[in-house]
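Undergrad: Return a 3D structure for these sequence lines:
(2 chains)
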Amino acid sequence: DSGVTQTPKHLITATGQRVTLRCSPRSGDLSVYWYQQSLDQGLQFLIQYYNGEERAKGNILERFSAQQFPDLHSELNLSSLELGDSALYFCASSFSGRSDNEQFFGPGTRLTVL
Amino acid sequence: DQQVKQNSPSLSVQEGRISILNCDYTNSMFDYFLWYKKYPAEGPTFLISISSIKDKNEDGRFTVFLNKSAKHLSLHIVPSQPGDSAVYFCAANTDRGSTLGRLYFGRGTQLTVWP
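TA: Here you go, the predicted structure:
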(Lines give C-alpha, C1' and ligand atoms only; values in the text may rest on other atoms or scores of the structure.)
Protein backbone atom coordinates (compact mmCIF):
# COMPACT_ATOMS: atom_id res chain seq x y z
CA ASP A 1 0.00 0.00 0.00
CA SER A 2 1.64 3.22 -1.24
CA GLY A 3 -0.51 5.49 0.93
CA VAL A 4 -1.95 7.21 -2.15
CA THR A 5 -5.67 6.65 -2.60
CA GLN A 6 -7.69 7.09 -5.76
CA THR A 7 -11.44 6.97 -6.25
CA PRO A 8 -13.31 5.55 -7.98
CA LYS A 9 -11.50 2.37 -8.94
CA HIS A 10 -13.58 1.91 -12.08
CA LEU A 11 -15.70 4.32 -14.06
CA ILE A 12 -17.86 3.53 -17.06
CA THR A 13 -19.49 6.40 -18.89
CA ALA A 14 -20.66 7.52 -22.31
CA THR A 15 -19.13 9.79 -24.90
CA GLY A 16 -19.76 13.46 -24.29
CA GLN A 17 -20.01 13.05 -20.54
CA ARG A 18 -17.90 14.60 -17.79
CA VAL A 19 -16.22 12.75 -14.92
CA THR A 20 -14.11 13.64 -11.90
CA LEU A 21 -11.29 11.48 -10.60
CA ARG A 22 -10.08 12.01 -7.07
CA CYS A 23 -6.68 11.51 -5.47
CA SER A 24 -5.46 11.78 -1.89
CA PRO A 25 -1.67 11.95 -1.59
CA ARG A 26 0.44 10.26 1.05
CA SER A 27 0.43 12.04 4.38
CA GLY A 28 3.03 14.81 4.26
CA ASP A 29 3.45 14.85 0.49
CA LEU A 30 2.95 18.26 -1.10
CA SER A 31 3.24 17.39 -4.78
CA VAL A 32 0.65 15.51 -6.83
CA TYR A 33 1.08 14.20 -10.36
CA TRP A 34 -1.45 12.79 -12.81
CA TYR A 35 -0.49 10.21 -15.45
CA GLN A 36 -2.49 8.48 -18.16
CA GLN A 37 -1.78 4.96 -19.36
CA SER A 38 -3.48 3.96 -22.60
CA LEU A 39 -3.20 0.53 -24.23
CA ASP A 40 -0.86 1.66 -26.97
CA GLN A 41 1.09 4.18 -24.91
CA GLY A 42 3.21 4.05 -21.82
CA LEU A 43 2.56 6.22 -18.82
CA GLN A 44 2.10 9.77 -20.05
CA PHE A 45 2.47 12.72 -17.73
CA LEU A 46 -0.54 15.01 -17.63
CA ILE A 47 -0.06 17.64 -14.93
CA GLN A 48 1.69 18.35 -11.62
CA TYR A 49 0.60 20.38 -8.61
CA TYR A 50 2.70 21.50 -5.69
CA ASN A 51 1.08 22.79 -2.51
CA GLY A 52 -2.02 23.92 -4.36
CA GLU A 53 -0.39 25.47 -7.38
CA GLU A 54 0.07 24.11 -10.87
CA ARG A 55 3.75 23.41 -11.42
CA ALA A 56 4.15 21.59 -14.73
CA LYS A 57 1.95 20.57 -17.61
CA GLY A 58 2.42 17.70 -20.00
CA ASN A 59 0.27 16.43 -22.83
CA ILE A 60 -2.98 17.33 -21.16
CA LEU A 61 -5.92 18.02 -23.44
CA GLU A 62 -7.87 21.26 -23.12
CA ARG A 63 -10.93 19.16 -22.24
CA PHE A 64 -9.09 18.03 -19.11
CA SER A 65 -8.44 20.14 -16.06
CA ALA A 66 -7.17 19.54 -12.55
CA GLN A 67 -6.74 21.25 -9.24
CA GLN A 68 -5.20 20.67 -5.85
CA PHE A 69 -7.18 21.74 -2.82
CA PRO A 70 -5.97 23.25 0.49
CA ASP A 71 -6.08 19.80 2.11
CA LEU A 72 -3.75 18.69 -0.74
CA HIS A 73 -6.12 16.23 -2.35
CA SER A 74 -6.43 16.61 -6.09
CA GLU A 75 -9.15 16.15 -8.68
CA LEU A 76 -8.80 15.52 -12.39
CA ASN A 77 -11.81 16.60 -14.45
CA LEU A 78 -12.36 15.07 -17.86
CA SER A 79 -15.10 16.54 -20.03
CA SER A 80 -16.63 15.97 -23.48
CA LEU A 81 -15.31 12.44 -23.19
CA GLU A 82 -14.29 10.54 -26.31
CA LEU A 83 -13.70 6.83 -26.86
CA GLY A 84 -9.96 7.49 -26.95
CA ASP A 85 -10.02 8.80 -23.39
CA SER A 86 -10.51 5.25 -22.14
CA ALA A 87 -7.38 4.55 -20.10
CA LEU A 88 -5.93 3.99 -16.67
CA TYR A 89 -5.41 7.25 -14.81
CA PHE A 90 -2.78 7.22 -12.08
CA CYS A 91 -2.12 9.75 -9.41
CA ALA A 92 1.27 9.92 -7.72
CA SER A 93 2.61 12.01 -4.88
CA SER A 94 6.00 13.06 -3.58
CA PHE A 95 7.23 15.33 -0.84
CA SER A 96 8.87 18.14 -2.73
CA GLY A 97 8.38 17.45 -6.41
CA ARG A 98 12.11 17.45 -7.06
CA SER A 99 13.68 14.77 -9.20
CA ASP A 100 15.37 12.98 -6.28
CA ASN A 101 12.04 12.52 -4.51
CA GLU A 102 10.50 9.15 -5.13
CA GLN A 103 6.95 9.30 -6.50
CA PHE A 104 4.41 6.99 -4.90
CA PHE A 105 1.59 5.83 -7.13
CA GLY A 106 -2.02 5.12 -6.32
CA PRO A 107 -3.83 2.03 -7.65
CA GLY A 108 -5.34 3.98 -10.54
CA THR A 109 -8.81 4.66 -11.90
CA ARG A 110 -9.84 2.68 -14.94
CA LEU A 111 -12.02 4.84 -17.17
CA THR A 112 -14.09 3.22 -19.89
CA VAL A 113 -15.89 5.48 -22.34
CA LEU A 114 -18.60 3.73 -24.36
CA ASP B 1 8.38 12.02 -28.53
CA GLN B 2 9.57 9.03 -26.59
CA GLN B 3 12.55 10.27 -24.59
CA VAL B 4 12.85 7.02 -22.66
CA LYS B 5 12.78 3.79 -24.61
CA GLN B 6 12.51 0.17 -23.61
CA ASN B 7 12.96 -1.76 -26.80
CA SER B 8 12.17 -5.20 -25.42
CA PRO B 9 8.48 -5.57 -24.65
CA SER B 10 9.06 -8.90 -22.94
CA LEU B 11 11.75 -11.02 -21.29
CA SER B 12 11.54 -14.60 -20.07
CA VAL B 13 14.09 -15.94 -17.57
CA GLN B 14 14.45 -19.11 -15.56
CA GLU B 15 14.26 -18.86 -11.77
CA GLY B 16 17.70 -18.37 -10.22
CA ARG B 17 19.21 -16.82 -13.33
CA ILE B 18 19.98 -13.18 -13.98
CA SER B 19 17.38 -10.88 -15.53
CA ILE B 20 18.72 -7.89 -17.43
CA LEU B 21 16.28 -5.18 -18.44
CA ASN B 22 17.50 -2.41 -20.70
CA CYS B 23 16.55 1.19 -21.20
CA ASP B 24 17.80 3.97 -23.49
CA TYR B 25 17.16 7.69 -23.26
CA THR B 26 17.68 10.66 -25.51
CA ASN B 27 17.56 13.70 -23.19
CA SER B 28 20.99 14.52 -21.76
CA MET B 29 19.36 16.80 -19.15
CA PHE B 30 17.95 13.89 -17.16
CA ASP B 31 19.27 13.99 -13.58
CA TYR B 32 17.69 10.93 -12.11
CA PHE B 33 16.70 7.51 -13.36
CA LEU B 34 14.26 5.17 -11.72
CA TRP B 35 12.85 1.71 -12.16
CA TYR B 36 9.27 0.92 -11.26
CA LYS B 37 7.62 -2.46 -11.07
CA LYS B 38 3.94 -2.95 -11.84
CA TYR B 39 1.66 -5.86 -11.12
CA PRO B 40 -1.75 -6.13 -12.84
CA ALA B 41 -4.50 -3.99 -11.26
CA GLU B 42 -1.96 -2.09 -9.14
CA GLY B 43 -0.09 1.17 -9.51
CA PRO B 44 3.64 1.23 -10.28
CA THR B 45 5.87 0.60 -7.27
CA PHE B 46 9.27 2.22 -6.94
CA LEU B 47 12.11 -0.30 -7.10
CA ILE B 48 15.48 1.43 -7.35
CA SER B 49 16.96 4.68 -8.63
CA ILE B 50 20.28 6.18 -9.64
CA SER B 51 21.52 9.72 -9.85
CA SER B 52 23.23 10.86 -13.03
CA ILE B 53 26.46 11.42 -11.06
CA LYS B 54 26.76 7.70 -10.31
CA ASP B 55 27.24 4.70 -12.55
CA LYS B 56 25.94 1.97 -10.27
CA ASN B 57 23.47 1.53 -7.46
CA GLU B 58 22.74 -1.69 -5.66
CA ASP B 59 19.87 -2.74 -3.41
CA GLY B 60 19.76 -6.39 -2.48
CA ARG B 61 19.07 -8.45 -5.58
CA PHE B 62 18.62 -5.35 -7.73
CA THR B 63 21.41 -3.36 -9.35
CA VAL B 64 21.04 -0.48 -11.76
CA PHE B 65 23.88 0.50 -14.07
CA LEU B 66 24.08 3.84 -15.85
CA ASN B 67 26.22 4.53 -18.92
CA LYS B 68 25.85 8.25 -19.58
CA SER B 69 27.99 8.33 -22.67
CA ALA B 70 25.78 5.70 -24.29
CA LYS B 71 22.60 7.14 -22.70
CA HIS B 72 21.79 3.65 -21.51
CA LEU B 73 20.80 2.08 -18.24
CA SER B 74 20.07 -1.45 -17.21
CA LEU B 75 18.46 -3.22 -14.30
CA HIS B 76 19.98 -6.51 -13.15
CA ILE B 77 18.00 -8.87 -10.95
CA VAL B 78 20.04 -11.68 -9.40
CA PRO B 79 18.81 -14.28 -8.65
CA SER B 80 15.47 -13.93 -10.40
CA GLN B 81 12.42 -15.25 -8.56
CA PRO B 82 8.90 -16.06 -9.82
CA GLY B 83 7.56 -13.17 -7.69
CA ASP B 84 9.61 -10.81 -9.84
CA SER B 85 7.26 -11.47 -12.75
CA ALA B 86 5.76 -8.06 -13.51
CA VAL B 87 6.02 -5.15 -15.92
CA TYR B 88 9.14 -3.07 -15.32
CA PHE B 89 9.13 0.59 -16.27
CA CYS B 90 12.22 2.68 -16.74
CA ALA B 91 11.70 6.36 -15.92
CA ALA B 92 13.75 9.54 -15.84
CA ASN B 93 13.36 13.11 -14.66
CA THR B 94 15.15 16.40 -14.33
CA ASP B 95 14.97 19.46 -12.12
CA ARG B 96 16.03 21.67 -14.99
CA GLY B 97 13.65 23.40 -17.35
CA SER B 98 9.93 23.77 -16.95
CA THR B 99 9.09 20.17 -16.20
CA LEU B 100 10.44 19.88 -12.67
CA GLY B 101 10.19 16.42 -11.28
CA ARG B 102 7.81 14.93 -13.84
CA LEU B 103 8.66 11.39 -14.83
CA TYR B 104 9.26 10.34 -18.41
CA PHE B 105 8.42 6.66 -18.73
CA GLY B 106 9.42 3.95 -21.14
CA ARG B 107 6.67 1.62 -22.39
CA GLY B 108 7.69 -1.17 -20.06
CA THR B 109 9.11 -4.68 -20.28
CA GLN B 110 7.07 -7.67 -19.16
CA LEU B 111 9.39 -9.94 -17.18
CA THR B 112 8.34 -13.55 -16.72
CA VAL B 113 10.38 -15.72 -14.37
CA TRP B 114 9.60 -19.40 -14.77
CA PRO B 115 10.45 -22.19 -12.30
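Undergrad: And the strands in chain A, which stretches?
TA: Here chain A has its strands, by DSSP state E, at A:5-7, A:10-13, A:19-24, A:31-37, A:43-50, A:53-57, A:64-68, A:74-78, A:87-94, A:104-105, A:109-113.
Undergrad: okay, those strands in TSV with mean neighbour count, distance to B:Q81 and mean pLDDT next?
TA: All C-beta spots, glycine's among them, are computed from the backbone N, C-alpha and C. Output for those, formatted as TSV (neighbours: other Cβ atoms under 10 Å in any protein chain shown; distance: least, Cβ to Cβ, whole Å; pLDDT from 0 to 100):
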stretch	mean neighbour count	distance to B:Q81	mean pLDDT
strand A:5-7	16	29	97
strand A:10-13	14	31	97
strand A:19-24	19	32	98
strand A:31-37	26	26	94
strand A:43-50	23	25	92
strand A:53-57	15	37	90
strand A:64-68	19	39	96
strand A:74-78	20	36	98
strand A:87-94	25	26	95
strand A:104-105	22	22	94
strand A:109-113	18	29	97
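Undergrad: I'd like the ones you listed as CSV, with distance to B:S69 appended.
TA: CSV is the format used below for those (distance: least, Cβ to Cβ, whole Å):
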stretch, distance to B:S69
strand A:5-7, 40
strand A:10-13, 45
strand A:19-24, 39
strand A:31-37, 30
strand A:43-50, 27
strand A:53-57, 28
strand A:64-68, 38
strand A:74-78, 39
strand A:87-94, 29
strand A:104-105, 31
strand A:109-113, 41
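Undergrad: List just the one of those strands that sits closest to B:C23.
TA: strand A:43-50 (13.8 Å; Cβ to Cβ).
Undergrad: Could you check the pLDDT of the closest residue to chain A within chain B?
TA: At 3.4 Å from chain A, B:G43 is the closest residue in chain B, using Cβ to the nearest Cβ. We have a pLDDT of 93 for B:G43.
Undergrad: Could you give the bridge partners of the nearest residue to it once chain neighbours are set aside?
TA: Take B:G43 and drop its neighbours on the chain: the residue closest to it by Cβ to Cβ, 6 or more residues apart in numbering or on different chains is A:F105, 3.4 Å away. Under DSSP bridges, the beta-bridge partners of A:F105 are A:A92.
Undergrad: OK, contacts around A:F105?
TA: Neighbouring residues of A:F105 by Cβ atoms under 8 Å, 6 or more residues apart in numbering or on different chains: A:2, A:4, A:90-92, B:36, B:43-45.
Undergrad: B:Y25 now?
TA: Counting by Cβ under 8 Å, 6+ apart, B:Y25 has contacts B:3-5, B:33, B:71-73, B:92, B:104.
Undergrad: near chain B, which residues of chain A?
TA: Applying Cβ under 8 Å from any Cβ of the partner chain, we find that chain A lies next to chain B at A:2, A:4, A:31, A:33, A:35, A:41-45, A:48, A:55-56, A:58, A:90, A:92, A:94, A:96-108.
Undergrad: hmm, try it at 7 Å
TA: Proximity of chain A to chain B, by Cβ under 7 Å from any Cβ of the partner chain, involves residues A:2, A:31, A:33, A:42-43, A:45, A:48, A:55-56, A:58, A:90, A:94, A:97-103, A:105-108.
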